[in-house]
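> Sequence first, predicted model second:
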There are 2 protein chains.
Amino acid sequence: MTKTALLAGEGLLPVAIAQSLAARGNAPTVIALGKASPLLESVAERILPVSQVSMDGIVRMIETEGCTQVILAGAVPKRWIFGGGPVDAKTLEWIRALPSRDDHALLGSIVGFLQSRGLEVVPYRLLIPEALAPEGTIAGRDPTEEEREEIRYGIGIARKIVPLSFGQALAVRAGAVVAVEAMEGTDEMIKRAGRIAAGGTVVKMMRPDQDERFDVPTVGPQTLQCMADAGLGCLAVEAGRTVILDRERFGQLAKDNAISVTGFVP
Amino acid sequence: MTKTALLAGEGLLPVAIAQSLAARGNAPTVIALGKASPLLESVAERILPVSQVSMDGIVRMIETEGCTQVILAGAVPKRWIFGGGPVDAKTLEWIRALPSRDDHALLGSIVGFLQSRGLEVVPYRLLIPEALAPEGTIAGRDPTEEEREEIRYGIGIARKIVPLSFGQALAVRAGAVVAVEAMEGTDEMIKRAGRIAAGGTVVKMMRPDQDERFDVPTVGPQTLQCMADAGLGCLAVEAGRTVILDRERFGQLAKDNAISVTGFVP
């Protein structure tokens, strides 16, 4: 049977994927980058923590484990690359030699590198179809008319900025952009928006040509908890191209905090 | 003689304008919004602090003072409008009824409102020509080749986002966008970039159709202090359309912190 390596960053997405693989009798060998979730322990064949990130080292680990397939999922802190972190010199040099280092280019280059070493990079999106956002109201209440207006405004701005590949989310309030995500990530952006504006809507979407096999926007209970703490009332995500993690807790948090979560087709 | 009212927000821009007016024997009557600089006291004819912002109230103040001209300058905290603040209900209602509330639309609407009440809104840009950024190295050292590359990359992204009118600045590091400014303002954005990336370049420019009579990007000693604290080494601003405040201290800070400040034509 084909053995699958899961190159897992932070967050719940690698957990959902590992669960799905384990349920099919193919528990993955997890190569854990950053603060990989402890929840992986119960669904992984093995967990191999990486203390020093090296592209060559990771390929060797995958090969040593006898895996021929690899899945990439979860967040890797950008400061590892741009702010100094546990990345080896050769890998940093490889990254610095890329013509562009935005999200889109980085991921594409990493996939290309793994493939060039004979590994099959497997899309995770269809492993967890039940986790993809549908169109319309997903959790909590329906959006108000004012929120629908904010969603429309936010989609208009997002359409222009997501192709620039520096972030996938922004916060909108009453016809103005409050905060725009770049390397700090969605949660930090939501907290900032809450410090500036009372209320508002978060819009999250991916660039049209983003590789939906390997890199889909993700929201989960933590997103809603950040929004509740920040006082933001509405979350709009791209239908069919957003993964919703821990759907049950997600739905409960939306309900408890009167947050409206909607799926839209841009 | 025509009496001039200066509707002054925060920062040093209103101070530079008041100094210029006072030097011509026309010290302005300052209507102070937010934390207006105490430096205004020595160069203003009078200072009238505003505790409750009301468009009608401000027009009445200007008229009562016998002013027929008004200059708008300085930053007004966005949370006043979007987060609750000392703004009266009628003014908030007027703002909410505007078709758009981004920076560009808000300023245009306020200028239009003042003009509709018979006031002349005077451009400040040509009052302080010596403060406008020239092309090329402005302060500190010349940019390195790596920084020139970051400036080019940043201008490319800025060209696409400044027309969306939610911010004028972004931080770039090694071919990727680290942080993008929206309502939090440039200084906060710089601090955030410093927490994520070690070093980098700040690019600041205005939208092509921005009203350069009333609304020009501003940098000053505080910008450089934020950059020094955050470890960012290069600042690129739009030549001819950026005001540099307190040029002497600005130059000294750039030198002391080995920051490169460059003016570019986009």
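Structure received. Quick caveat, the model's predicted, so the values are computed rather than measured.
> Residue A:170 pairs with what?
Note on residue A:170: beta-bridge partners residue A:180, residue A:203, judged by DSSP bridges.
> Now do the contacts for it.
Applying C-beta atoms under 8 Å, 6 or more residues apart in numbering or on different chains, we find residue A:170 in contact with A:154, A:157-158, A:161, A:177-181, A:189, A:202-203, B:182. Where you see a C-beta, it was placed from the backbone N, CA and C, and this is true even at glycine.
> Could you report the separation of it from residue A:205?
Look at residue A:170 and residue A:205: by C-beta to C-beta, to the nearest Å, they are 10 Å apart.
> any common contacting residues for these two?
residue A:158.
> if we take the contacts of residue A:170, which one ends up nearest to residue B:19?
residue B:182 (31.0 Å; C-beta to C-beta).
> Could you give the secondary structure assignment for the closest one?
Following DSSP: H, G, I helix; E, B strand; the rest coil, residue B:182 is assigned to coil.
> List the pairing partners of the helix or strand harbouring residue A:70 within its sheet, with orientation.
Using DSSP states H and E, residue A:70 falls within strand A:69-73. As defined by DSSP bridges, the strand partners of strand A:69-73 come to strand A:4-8 (parallel), strand A:120-121 (parallel).
> possible to save those strands as CSV with distance to residue B:241, mean neighbour count and mean pLDDT?
Shown next, in CSV, are these (distance: least, C-beta to C-beta, whole Å; neighbours: other C-beta atoms under 10 Å in any protein chain shown; pLDDT from 0 to 100):
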stretch, distance to residue B:241, mean neighbour count, mean pLDDT
strand A:4-8, 46, 27, 95
strand A:120-121, 46, 16, 94
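> how about those strands in JSON lines, adding distance to residue A:85?
Output for the strands paired with strand A:69-73, formatted as JSON lines (distance: least, C-beta to C-beta, whole Å):
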{"stretch": "strand A:4-8", "distance to residue A:85": "16"}
{"stretch": "strand A:120-121", "distance to residue A:85": "23"}
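> which bits of the stretch 51-200 of chain A sit near chain B?
Within the stretch 51-200 of chain A, the residues that sit near chain B (C-beta under 8 Å from any C-beta of the partner chain) are A:78-79, A:82-84, A:96, A:98-102, A:106, A:157, A:160-161, A:164, A:166-167, A:170, A:173-184, A:188, A:192, A:195-198, A:200.
> So which of those are in strands?
A:170, A:173, A:176, A:177, A:178, A:179, A:180 (DSSP state E).
> right, and the pair among these with maximum separation?
A:173 and A:180 (12.8 Å).
> joint contacts of the two?
Common contact partners of residue A:173 and residue A:180 (C-beta under 8 Å, 6+ apart): none.
> Comparing these two, which residue is more hemmed in?
Between residue A:173 and residue A:180, residue A:180 has the larger neighbour count (other C-beta atoms under 10 Å in any protein chain shown), namely 30 against 26.
> quick check, distance from the strand holding residue A:70 to the centre of its chain.
14 Å (C-alpha atoms, centre = their mean, to the nearest Å).
> Derive a PyMOL selection command for the buried subset of the residues of the stretch 51-200 of chain A next to chain B.
Buried residues among these (16 or more other C-beta atoms under 10 Å in any protein chain shown), as a PyMOL selection:
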select buried, chain A and resi 78+79+82+83+98+101+102+106+157+161+164+166+167+170+173+174+175+176+177+178+179+180+181+182+183+184+188+192+196+197+200
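> Tabulate the CA atom coordinates of the helix or strand of chain A with the lowest mean pLDDT in CSV.
Confidence across the helices and strands of chain A bottoms out at helix A:79-82, with a mean of 77, counting by mean pLDDT, DSSP states H and E. What follows is helix A:79-82 as a C-alpha-only set of coordinates in CSV (Å, rounded to 0.1, in the frame of the first residue of the first chain):
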residue,chain,number,x,y,z
ARG,A,79,8.9,34.8,10.1
TRP,A,80,10.8,31.6,9.6
ILE,A,81,11.6,32.7,6.1
PHE,A,82,11.5,36.5,6.5
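> who touches that helix?
A:34, A:53, A:85-87, A:92, A:95, A:101, A:106, A:183, B:173-174, B:176, B:178, B:196-198, B:200.
> 6 Å instead?
By C-beta atoms under 6 Å, 6 or more residues apart in numbering or on different chains, the residues outside helix A:79-82 that reach it are A:85, A:87, A:95, B:173, B:196, B:197.
> just checking, the fifth one touches residue A:183?
Yes. Applying C-beta atoms under 6 Å, one finds residue B:196 in contact with residue A:183, separated by 4.9 Å.
> Quickly list what's touching both of those two.
residue B:178.
> Where does the record place the domain boundaries for chain A?
Following automatic domain parsing, chain A resolves into domains at A:4-127, A:132-264.
> Comparing these, which yields the minimum mean pLDDT?
Of all those, domain A:4-127 carries the lowest average pLDDT, namely a mean of 89.
> distance between that domain and the chain's centre?
So, by C-alpha atoms, centre = their mean, the centroid of domain A:4-127 is 13 Å from its chain's centroid.
> What strand or helix carries the nearest residue to residue A:117 once chain neighbours are set aside?
Excluding the flanking residues, the one nearest residue A:117 by C-beta to C-beta, 6 or more residues apart in numbering or on different chains is residue A:59, at 4.9 Å. In this structure, residue A:59 is located in helix A:55-64 according to DSSP H and E.
> now the angle from that helix to strand A:69-73?
130 degrees (axes from the mean of the first three to the mean of the last three C-alpha atoms, to 10 degrees).
> Only the C-alpha atoms, please, for helix A:55-64, written as PDB.
Backbone C-alpha positions of helix A:55-64 (Å, rounded to 0.1, in the frame of the first residue of the first chain) are rendered in PDB as follows:
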ATOM      1  CA  MET A  55      14.200  21.000   1.900                       C
ATOM      2  CA  ASP A  56      16.800  18.200   1.300                       C
ATOM      3  CA  GLY A  57      16.400  16.900   4.900                       C
ATOM      4  CA  ILE A  58      12.600  16.700   4.500                       C
ATOM      5  CA  VAL A  59      12.900  14.800   1.200                       C
ATOM      6  CA  ARG A  60      15.300  12.400   2.900                       C
ATOM      7  CA  MET A  61      12.900  11.900   5.800                       C
ATOM      8  CA  ILE A  62      10.000  11.200   3.500                       C
ATOM      9  CA  GLU A  63      12.100   8.700   1.500                       C
ATOM     10  CA  THR A  64      13.500   7.000   4.700                       C
END
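> neighbouring contacts of that helix?
Counting by C-beta under 6 Å, 6+ apart, residues outside helix A:55-64 touching it are A:5, A:31, A:48, A:70, A:91, A:113, A:117.
> ok, now with 8 Å
In contact with helix A:55-64 (C-beta under 8 Å, 6+ apart) are residues A:5, A:7, A:29, A:31, A:48, A:50, A:70, A:88, A:90-91, A:94, A:110, A:113-114, A:117, A:119.
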